[in-house]
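Visitor: Sequence and computational prediction follow.
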Amino acid sequence: MPVSMSSRLYIKLTAITLLLTALFAAGLHAQGELRKKISDKEKELAGLREEIEKQREAIRKLKKEEKTVGGYLERLDRESALVKKLLAGLEEKRDLLSSRVDNLRESLSRNRKLYRRRLDILSVHLREMYKNGQRRVWQEMLSASNFAQMSQKYKFFVLLAQRDTRLIEDALEKSRQVEREKREMTEMLHKVSMAEREKRTELGRLENIKEERKQALREIRERQKDYQRRVQELAEAKDRLQNLINTLEERRKQILESKDTYGEPDFTSLKGKMRMPVEGRTVRGFGRSRHPEFGTVTFNSGIDIEVRPGSPVEAVARGRVEYAGELAGYGNCIILNHGDGYYTLYARTGNIFISKGEVVEMGAVIAETAPGSNFHFELRQSRKSMNPQDWMR
């Protein structure tokens, strides 16, 4: 091969190599930035997934308990907001992955062209060598007319050898890079597919949350209606009870009989010393209270006690049975008259062991508690409801 032709080929190749190297370095920088964005987005999505799972666990626990406006619905709304945020993040991740796939396609196409270009240059060089014959290097060196020409030819052959080595190494590296980018693009396409699948799953979950919220609201409205109905029934029951107490009080005043025949000599002396009518835990006290779910304020004219079914109900003081039977809104009910206008009421009992007109002593078992309901106890002076807890020891 003439020295002049090889020199021009070497210079062109060097220039092309430098230009492509610069472009490749710029491409690598852009791809590095994109990889960082994808990695950052993955960390953000992982945090969201963890927070969503915590919300779902809290909702699962609430499902086992009573659903409240301040609990269950609030958790559902919070999960819904997180899922929407996750969906937006998945959309961003998909866009980033799609950009990465586009970049890989461009890089893959570019590197394939570079690889083919390297092969073309090597092919040209081999063809030139074939056309010029396989003249050995030492023969070419000995054909020099002087030492300076021999030295120049030696340097040139060294440069050609180095160039050919770099071309071969570069071609092999481009081949390996093409394979790496193929694998990475396959992985990126799989991640895009996974992101789409997760997005569809979360969209379905979001629809489920909306339906759960609607169902919860329907249940709450139904419970609210039922609660309001019970409040109304209780108010009517209180009126009936008050009318009964009024009738008993009017009759007591008209008869003017001695309380010694049926009541306590000094009922007020029992204040702070009275025993509880049943064993149990007071779950609702006397007076006004706000419903935790609906916010409705109601008045409890006595106390409600959580008891075991079949527990004995005892008279808190000596008195006469004025009423023993079912009273609408109170279930099985007993009213004792203790004299001086003092009455005690024992409601939501099971079996009743005494009858109207009987005189019972303090501590006498007058009934047993009923299954499935709390025991209700009231203390009244004439028409006024009093707090039984002020009288208990």
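Guide: That came through, no problem.
Visitor: what's the single longest strand in this protein?
Guide: Once the chain is assigned using DSSP state E, the strand that runs over the most residues is strand 342-352.
Visitor: Using PDB, write out the CA atom coordinates for that strand.
Guide: These are the backbone C-alpha positions of strand 342-352, laid out as PDB (Å, rounded to 0.1, in the frame of the first residue of the first chain):
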ATOM      1  CA  TYR A 342     -88.200   8.300  96.300                       C
ATOM      2  CA  TYR A 343     -88.400   5.700  93.600                       C
ATOM      3  CA  THR A 344     -85.800   3.300  92.000                       C
ATOM      4  CA  LEU A 345     -86.200   1.800  88.500                       C
ATOM      5  CA  TYR A 346     -84.600  -1.500  87.400                       C
ATOM      6  CA  ALA A 347     -84.800  -1.800  83.600                       C
ATOM      7  CA  ARG A 348     -83.800  -4.300  80.900                       C
ATOM      8  CA  THR A 349     -83.900  -7.200  83.300                       C
ATOM      9  CA  GLY A 350     -84.600 -10.900  82.500                       C
ATOM     10  CA  ASN A 351     -86.800 -12.900  84.800                       C
ATOM     11  CA  ILE A 352     -88.600 -11.000  87.500                       C
END
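Visitor: The chain should start at 199 in everything you say after this.
Guide: Sure, I'll start counting at 199 from here, so that last one is strand 540-550.
Visitor: what ranges do the helices span in the stretch 249-398 of the chain?
Guide: Assigned by DSSP state H, counting those that start in this stretch, the helices in the stretch 249-398 of the chain fall at 272-329, 335-340, 345-453.
Visitor: of all those helices, which lies closest to Ser509?
Guide: helix 345-453 (23.1 Å; Cβ to Cβ). Bear in mind the C-beta positions are built from the backbone N, C-alpha and C, glycine included.
Visitor: What's the first helix or strand after the closest one?
Guide: Next in sequence after helix 345-453, counting helices and strands by DSSP states H and E, comes strand 479-482.
Visitor: Could you chop this protein up by domain?
Guide: Split into domains by automatic domain parsing, the chain comes to 201-423, 455-588.
Visitor: which of these has the lowest average pLDDT?
Guide: With a mean of 67, domain 201-423 has the lowest mean pLDDT of the domains of the chain.
Visitor: what's the spacing between Glu255 and Lys412?
Guide: 22 Å (Cβ to Cβ, to the nearest Å).
Visitor: wait, I meant Asn535
Guide: From Asn535 over to Lys412 the distance is 53 Å, taken as Cβ to Cβ.
Visitor: between these two, who's got more neighbours?
Guide: More crowded of Asn535 and Lys412, by other Cβ atoms under 10 Å: Asn535, with 23 against 10.
Visitor: what's the angle from the helix or strand that that one is a member of to strand 540-550?
Guide: Assigned by DSSP H and E, Asn535 falls within strand 529-537. Relative orientation of strand 529-537 and strand 540-550, computed by axes from the mean of the first three to the mean of the last three Cα atoms, to 10 degrees: 140 degrees.
Visitor: now for strand 529-537, which elements pack on it?
Guide: Counting contacts by 3 or more Cβ pairs under 8 Å, 6 or more residues apart in numbering; DSSP states H and E, strand 529-537 packs against helix 345-453, strand 517-525, strand 540-550, strand 563-567.
Visitor: Recalculate using a threshold of 10 Å.
Guide: helix 345-453, strand 517-525, strand 540-550, strand 557-558, strand 563-567, strand 573-579 (3 or more Cβ pairs under 10 Å, 6 or more residues apart in numbering; DSSP states H and E).
Visitor: Paired strands for the fourth one, with orientation please.
Guide: It refers to strand 557-558. strand 517-525 (antiparallel) (DSSP bridges).
Visitor: Enumerate the positions of the strand it pairs with that are buried.
Guide: For strand 517-525, the neighbour count (16 or more other Cβ atoms under 10 Å) marks 517-522, 525 as buried.
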